[in-house]
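Novice: Provided below for reference: sequence and predicted model.
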Amino acid sequence: MNKRAVNISSLVILLALLSLILEICLYYFIPQHMITVAAAAVISLGLTHFFLETSLDYDYCFLYAALMTITSVAFCMIIYLIQPNPWVSYDYTLLALIIANWLIPFAYCFIRDFADRGPRFSDYLFFFNGMSLVFFVVYFIAIIKQLFITPLLPPYDSIAFGAHNFVPFMATGSYLERAFAEGADISSMVVYILEMIVLAIPFGFYAKVYCRRLPFILRLFIYLAVPFLFEAAQYWTGIGRADIDDYALALIGITIGVIIYHLVYYISYESHKRDFLEDRTVTKSLLFHFGGNF
């Protein structure tokens, strides 16, 4: 590692530390916590741009984003574990803070690589895979929390006598039918459905990204088996809520994730005639089959 690389790495670590201290101070002193999230987004965008333009390398963007994501996860877990606390409260803006620290650098570098017409910046694939690994760690923690520790629950009661629902959306449809007939508020049901779908979208996208060279049947098995295993684990352990509706909603989210992959691939191919995950220094002919490669 040369002296310039050491200097840039040291600068990245220093600015990441200062950014974290600023975010903690804003969260503690300002009751409107969305201000902290907005400030984190602006800082992440500005520093990611600065590191990329200074080094012409995505490595330093990854170092900064990884440090900020990991430390904000640690901060979120500490605040969650010390509740109730009269000095600092936990709310879901801490999750938004984690998302901002990961998503803003990831989205910015993705757009820069997508728009770059030549190999001006290096090591994008390292950045993508590294950011994906960081995301997997955070995503796994979120899955465990939302399915087993504080499980997402619909607004209706479970079926009596320990019975289980094996017909997709029968219980959900019955609840919505009664709610419409009685003029009741269905916002809690809508939130539950959206949360279950959104929770599965990243898995659908990344399963397609990292299994895209596998045969279709094997990929389909992965799409179906992973959410089933989570539901089965909840059923066998008695922790969380094992239900056919959760499984069906997860499959919808996975399908959306796969579709997002194909849309990004399609746009990349139409714009640059290359896979968005392909090293731009490698030139080769690609055949794109949008309809038959799901």
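Specialist: Cool, the structure landed. Residues are numbered from 1 along each chain as shown.

Novice: what's around the nearest residue to R120 once chain neighbours are set aside, how many residues?
Specialist: What sits nearest to R120 in space, not counting adjacent residues and going by C-beta to C-beta, 6 or more residues apart in numbering, is L56, at 6.7 Å. Glycine gets a C-beta too; all of them are placed from N, C-alpha and C. Residues lying near L56 (other C-beta atoms under 10 Å) number 12.

Novice: three-state assignment of D91?
Specialist: The three-state label given to D91 by DSSP: H, G, I helix; E, B strand; the rest coil is coil.

Novice: A16 versus that one, what's the distance?
Specialist: From D91 across to A16, the span is 24 Å (C-beta to C-beta, to the nearest Å).

Novice: okay, those two: which has more neighbours?
Specialist: Legend: neighbour count by other C-beta under 10 Å for D91 and A16, higher for A16 (22 against 11).

Novice: Can you tell me how far the more buried one is from F135?
Specialist: The gap separating A16 from F135 is 18 Å, by C-beta to C-beta.

Novice: Then M196?
Specialist: Using C-beta to C-beta, M196 is found at 19 Å from F135.

Novice: out of those two, which sits in the busier spot?
Specialist: It is M196, of M196 and F135, that has more neighbours when counted by other C-beta under 10 Å, with 22 against 16.

Novice: Assess the claim that that one and L249 are in contact.
Specialist: Yes: counting by C-beta atoms under 8 Å, L249 is a contact partner of M196 at 3.9 Å.

Novice: can you pull the contacts of I70?
Specialist: V134 (C-beta atoms under 8 Å, 6 or more residues apart in numbering).

Novice: With just CA atoms, put the helix or strand hosting it into CSV.
Specialist: I70 belongs to helix 59-81 when elements are defined using DSSP states H and E. Backbone C-alpha positions of helix 59-81 (Å, rounded to 0.1, in the frame of the first residue of the first chain) are rendered in CSV as follows:
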residue,chain,number,x,y,z
ASP,A,59,-12.7,1.0,-2.6
TYR,A,60,-12.7,4.0,-0.4
CYS,A,61,-16.4,4.5,-0.9
PHE,A,62,-16.9,1.0,0.4
LEU,A,63,-14.7,1.6,3.4
TYR,A,64,-16.6,4.7,4.4
ALA,A,65,-20.1,3.1,3.8
ALA,A,66,-19.2,-0.1,5.6
LEU,A,67,-17.9,1.8,8.6
MET,A,68,-21.0,4.0,8.8
THR,A,69,-23.4,1.1,8.3
ILE,A,70,-21.7,-1.1,10.9
THR,A,71,-21.4,1.7,13.5
SER,A,72,-25.0,2.9,13.0
VAL,A,73,-26.2,-0.7,13.5
ALA,A,74,-24.2,-0.9,16.7
PHE,A,75,-25.7,2.5,17.8
CYS,A,76,-29.2,1.3,17.0
MET,A,77,-28.8,-2.0,19.0
ILE,A,78,-27.3,-0.2,22.0
ILE,A,79,-30.2,2.3,22.1
TYR,A,80,-32.7,-0.6,21.7
LEU,A,81,-31.2,-2.7,24.5
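
Novice: Quick check: what element follows that helix along the chain?
Specialist: Using DSSP H and E, the helix or strand that directly follows helix 59-81 along the chain is helix 93-115.

Novice: re the thing from before, report the buried residues of the helix holding I70.
Specialist: Using 16 or more other C-beta atoms under 10 Å as the test for burial, helix 59-81 gives 59-73, 75-76, 79.

Novice: ok, now stretch 36-48?
Specialist: Going by neighbour count (16+ other C-beta under 10 Å), the buried part of stretch 36-48 is 36-37, 39-41, 43-44, 47-48.

Novice: what number of residues lie near the residue nearest to V167 when sequence neighbours are not counted?
Specialist: Residue nearest to V167 in three dimensions, not counting chain neighbours: I244, with 6.8 Å by C-beta to C-beta, 6+ apart. A count of neighbours around I244, defined by other C-beta under 10 Å, yields 17.
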